[in-house]
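# Sequence plus predicted model, see below.
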Amino acid sequence: MEHPLSNAQRYRERAEKCRQLAGTASSAEVQNQYEKMAEQYIALAEVEETLSLPAALSSETIANRSK
């Protein structure tokens, strides 16, 4: 299973690619669709980052207890 932060980074990269494609789109309609896709990828990245918080916090707690 991949780490949520790895997934988040991949989604952010895809969002950036969509923005690049939007910049080269031949019509406003296509440009808008790429922009919407970029927004959805950013939303997915944020969900993945949120999912990673409990794991990060529990790892930090465990590390602090072992000191």
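Okay, I see it.
# Tell me which residue is most central in the protein.
Nearest to the mean C-alpha position of the chain, counting by CA atoms, centre = their mean, stands Ala45 at 2.0 Å.
# From Ser6, how far out is it?
For Ala45, the distance to Ser6 equals 11 Å [CB to CB, to the nearest Å]. Using the backbone N, CA and C atoms, a C-beta is placed for each residue, glycine as well.
# What is the burial count for Glu13?
A count of nearby residues for Glu13, using other CB atoms under 10 Å, gives 12.
# do the same with Leu53
10.
# Next, it: secondary structure please.
What DSSP: H, G, I helix; E, B strand; the rest coil gives for Leu53 is helix.
# picking up where we left off before, so how far is Tyr34 from the residue nearest to the centre of the chain?
With CB to CB as the criterion, Ala45 and Tyr34 are 16 Å apart.
# residue contacts, Glu16?
Ala38 (CB atoms under 8 Å, 6 or more residues apart in numbering).
# where does this protein dip in pLDDT?
Along the chain, segments meeting pLDDT under 70 span 1-2, 4, 54-67.
# So for the host helix or strand of Ser6, what gets flagged as buried?
Here Ser6 is covered by helix 4-23, with elements defined by DSSP states H and E. For helix 4-23, burial by neighbour count (16 or more other CB atoms under 10 Å) applies to 4, 7-8, 11-12, 14-15, 18-19, 21-22.
# which non-adjacent residue is nearest Arg31?
Arg isn't right for residue 31; it's Gln. Ala25 (4.0 Å; CB to CB, 6 or more residues apart in numbering).
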